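Trainee: 3D, please:
(chains A and B)
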Amino acid sequence: MSTGRRSFLKALGLTGLTLAAGKEKVYGSEAKSDTEFYGVLYDSTRCVGCQTCEVSCAEANGQTPPEDTPEAGKVRKTTDKYRTVINAVQTENGEVYVKTQCMHCNEPACAAACLTQAMHKTHEGAVIWRGNKCMGCRYCMVSCPFDMPKFEYHSYNPKIEKCTMCNDRTQKGEKPACVANCPADALMYGSRRELIKEARKRIIENPGVYVDHIYGEHEAGGTGWLYLSAVPFEKLGMKTNIQSKSYPELTKGFLYSVPTIFILWPAILLGIREGTKDNNKNDQENGQD
Amino acid sequence: MDRTDITIARDNDGKNIIQFILKELKPKGKWLTPFNIISLPVMLAGLVIIVVRFWKGLGSVTNLTQEVPWGLWIGFDVVTGVAFAGGAYVLTFMVYILNMKKYNSIVRVTVLNGFLAYVFYAGALLLDLGRPWNVINPIIGNSFGVSSVLFLVAWHFLLYMIAQLIEFSPAVAEWLGARRARKILSGMTVAAVIFGITLSTLHQSGLGALYLMAKEKIHPLWYSEFIPIQFFVSSIFAGLSMVIFEGSITHKVFSDQIPEKHHSEHDSIIIGLSKICSVAMFAYFFLQIVTFVHGKRWAYINSPMGYWYLTEIIGFVIFPMVLFYYSYTRNKVLVARIAAIVTMLGIIINRLNVTVIGFKWDEAVRYVPSAMEFIVTLTVIFAEIWIFRWIITRMPVLRESPSWAKDQH
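Mentor: The predicted structure is shown next:
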């Protein structure tokens, strides 16, 4: 019986917690979404596809430099070896480039999915992976709408690889490697609020140049990386079916029902058991066992 | 009752427990049975593959990709296997909560089946973990990812295994002749049952909720916010179909273990279960219709995936539902058995549609499980059957409890 009682108390505690946390989230979200998370603004109209970001990323993270180059018609993907890639796309405006890496969502699906908090959103806004906690279940990969966490399938001690927004560099006050080395000024590091302001300014000050949309402002509840483009984003091969609510929102309803069921079920089940005890008596009277 | 080839097991009666266990550990019965001849080579091959998997990484034996990180081992072993193990919570609900004494004789074997299913499918989960040495992190320590559905599912697996062990433990105590322990353990049964049903409700649906965040990745005919409740409702008839299927086999294979009285009861038990199945399947079918209309899914029907969806719903939900209905109105046990098999195929199809077939259905390179993944899956199933057989031929699961246990109530 003690297990039952303890779990009941635990559930009670959890309900309180969820209720409290839930409230905080509802009131806090407005103010929070644009606070001091840091991110990067990527302006694809300025990008020249030189791959300096790829090379400097590989250097900063001790990985192998890229072996192939962007070509229109070929889709390069980030893998467990390359945390960022540049793709070339042929459009009516000529060849344009688009960079791919983890988007660093404001409310990341991967971090909500992680049952060990190995995927973690830092206060500065980077989504990082902590190997000492990760058990390699790959639920982050299932959940990420951008398919960004990559798994080392050919290692006995596999890591999850993805852009960390150079968390160790930014902690020291440096910019992420790709931003610091971009020769075309296509990347800008700053607080999300400043970046959105800057992106709006560019759209307004250069009429006709940009598509009137900042990719990442609302996608997946807002992301740390923000994109500007001269052509519609689906032409760049970017996912445009991303919902504007955050992804953890999708499991919230289910998770909230958990404490309710934990309280109601045992009580109801006990009640039914008591209520049906008569069946038992009738059976015995009828001579069954 | 004196059958020839296998002697019916005897429970320990006052002997030294260690000596008794040592004696029981020895194999019994014939070795060269068809099942052994098929299962042993497969299990050996499976073991080799498992060694390679831990040595060279998951990619060396599976076809998993960066886009499809969960394949057969999760989609079939865990998600489908746990649905089939749902019979345990449904039956304990019927017997201990609704006091339906008729089903008493199959509770033990069903709980044993459920328990082993969880042990082995949780084991299969360990094979799939890239860094299994950290599996302890969500259980102890300071790394609780409480916002994760998987955290809930992991805890529930663990707690439910303990609850099922408690539910089954009186059988072990009877086998060992531990009278005092049996009295204490059987006193905990009802608490374990209530706890277990609560846990099952949550993690059967939780397995569906795992996929809620993969909104754009699952074909819209299978993705909806109702996945959790669909998984829960379908686990009722998935579990009971498994009980019918497993019961039909065990009553043949281990028929000498079963008292005459239970043999004659079994048909009426199957008919009773098929009644519940057909009602649960109707509820499930109704849920599917609601989801279909609510999700405006007409648009997707005229496509290969649409036809596949119709096959699942018509061929593997409506058809077995009608069969179950027919079997209990006409009292046809054979039809109920066929219906159970069709239902189980339908559950496999449904779970794989959500987790593998409909997952990233639009990807250029599709994930198809490798032969080695299938062999490991078979290894897990065979290993479970081996242990199941070992326990059945020793402990009082199908056969009657020793007479002292009956007086203990």
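Trainee: what's the helix or strand for the residue in chain A positioned nearest to chain B?
Mentor: Nearest residue of chain A to chain B, counting by C-beta to the nearest C-beta: residue A:136, 2.4 Å away. To be clear about C-beta, it is placed using only N, CA and C from the backbone, and glycine gets the same treatment. Assignment of secondary structure by DSSP states H and E places residue A:136 within no helix or strand.
Trainee: how close does residue A:247 get to residue A:144?
Mentor: Applying C-beta to C-beta, to the nearest Å, the value for residue A:247 to residue A:144 is 8 Å.
Trainee: Any chance you could list residues touching both of the two?
Mentor: A:108-109 (C-beta atoms under 8 Å, 6 or more residues apart in numbering or on different chains).
Trainee: For the stretch 51-200 of chain A, just list every one of the helices.
Mentor: A:52-60, A:109-113, A:139-143, A:167-171, A:177-181, A:192-205 (DSSP state H, counting those that start in this stretch).
Trainee: Quick check: which ranges of the chain have low pLDDT?
Mentor: Defaulting to chain A. Scanning chain A with the threshold set as pLDDT under 70 gives A:1-35, A:279-289.
Trainee: switch to chain B, that's the one I care about
Mentor: Chain B contains residues with pLDDT under 70 at B:1-9, B:409.
Trainee: Where does it get nearest to chain A, residue-wise?
Mentor: residue B:130 (2.4 Å).
Trainee: So that residue: helix, strand or coil?
Mentor: Counting by DSSP: H, G, I helix; E, B strand; the rest coil, the backbone at residue B:130 sits in coil.
Trainee: List the single closest residue to the spatially most central residue of chain A in space, sequence neighbours excluded.
Mentor: The residue lying closest to the centre of chain A (C-alpha atoms, centre = their mean) is residue A:108, at 3.0 Å. Once flanking residues are discounted, residue A:108 sits nearest to residue A:127: 4.9 Å by C-beta to C-beta, 6 or more residues apart in numbering or on different chains.
Trainee: does that neighbour have beta-bridge partners, and which?
Mentor: residue A:121 (DSSP bridges).
Trainee: From what I see, it and residue A:112 are in contact.
Mentor: No: in terms of C-beta atoms under 8 Å, residue A:127 does not count as a neighbour of residue A:112; the distance is 11.0 Å.
Trainee: list the contacts for residue B:389?
Mentor: Residue B:389 touches nothing, counting by C-beta under 8 Å, 6+ apart.
Trainee: Kindly recompute the last result at 10 Å.
Mentor: B:28-29, B:33, B:35-36, B:250, B:253-254 (C-beta atoms under 10 Å, 6 or more residues apart in numbering or on different chains).
Trainee: ok, now which ones touch residue A:187?
Mentor: So residue A:187 contacts A:40-43, A:46-47, A:53, A:99, A:175-176, A:178-181, A:225 (C-beta under 10 Å, 6+ apart).
Trainee: ugh, wrong one, residue A:176
Mentor: Residues in contact with residue A:176 (C-beta under 10 Å, 6+ apart) are A:38, A:40, A:53, A:56-57, A:60, A:84, A:101, A:126, A:163-167, A:169-170, A:182, A:187, A:189.
Trainee: swap the cut-off to 8 Å and go again
Mentor: A:40, A:165-166, A:169-170, A:189.
Trainee: out of those residues, what pair is the most spread apart?
Mentor: A:40 and A:169 (12.5 Å; C-beta to C-beta).
Trainee: Which one's more surrounded, those two?
Mentor: Applying other C-beta atoms under 10 Å in any protein chain shown to residue A:40 and residue A:169 shows that residue A:40 carries more neighbours, namely 30 against 16.
Trainee: Just to check, that one is in contact with residue A:170?
Mentor: No: taking contacts as C-beta under 8 Å, residue A:40 lies outside contact range of residue A:170: 10.5 Å.
Trainee: for the closest residue to the residue of chain B closest to chain A other than its chain neighbours, what are its contacts?
Mentor: Excluding the flanking residues, the one nearest residue B:130 by C-beta to C-beta, 6+ apart is residue A:136, at 2.4 Å. Neighbouring residues of residue A:136 by C-beta under 8 Å, 6+ apart: A:151, A:158, A:160, B:129-132, B:134.
Trainee: Redo these as CSV? Include neighbour count and distance to residue B:114.
Mentor: What follows is the contacts of residue A:136, written out as CSV (neighbours: other C-beta atoms under 10 Å in any protein chain shown; distance: C-beta to C-beta, whole Å):
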residue, neighbour count, distance to residue B:114
A:151, 25, 32
A:158, 21, 32
A:160, 24, 33
B:129, 17, 23
B:130, 22, 28
B:131, 21, 29
B:132, 15, 24
B:134, 20, 27
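Trainee: Looking at the residues you listed, which is nearest residue A:68?
Mentor: residue A:151 (21.4 Å).
Trainee: That closest one and residue A:80 touch, don't they?
Mentor: Yes: the pair residue A:151 / residue A:80 is scored as a contact, 6.3 Å apart, by C-beta under 8 Å.
Trainee: Overlap of the contact sets of those two?
Mentor: Common neighbours of residue A:151 and residue A:80 (C-beta under 8 Å, 6+ apart) are A:159, A:161, B:66.
Trainee: Quickly list what the second one is bridged to.
Mentor: Partner residues in beta bridges with residue A:161: residue A:150, with DSSP bridges as the criterion.
Trainee: now for whichever strand or helix holds residue B:197, which elements pack on it?
Mentor: Taking DSSP H and E as the definition, one finds residue B:197 inside helix B:189-209. If you count contacts as 3 or more C-beta pairs under 8 Å, 6 or more residues apart in numbering or on different chains; DSSP states H and E, helix B:189-209 packs onto helix A:2-33, helix A:249-275, helix B:81-84, helix B:87-92, helix B:149-176, helix B:227-253.
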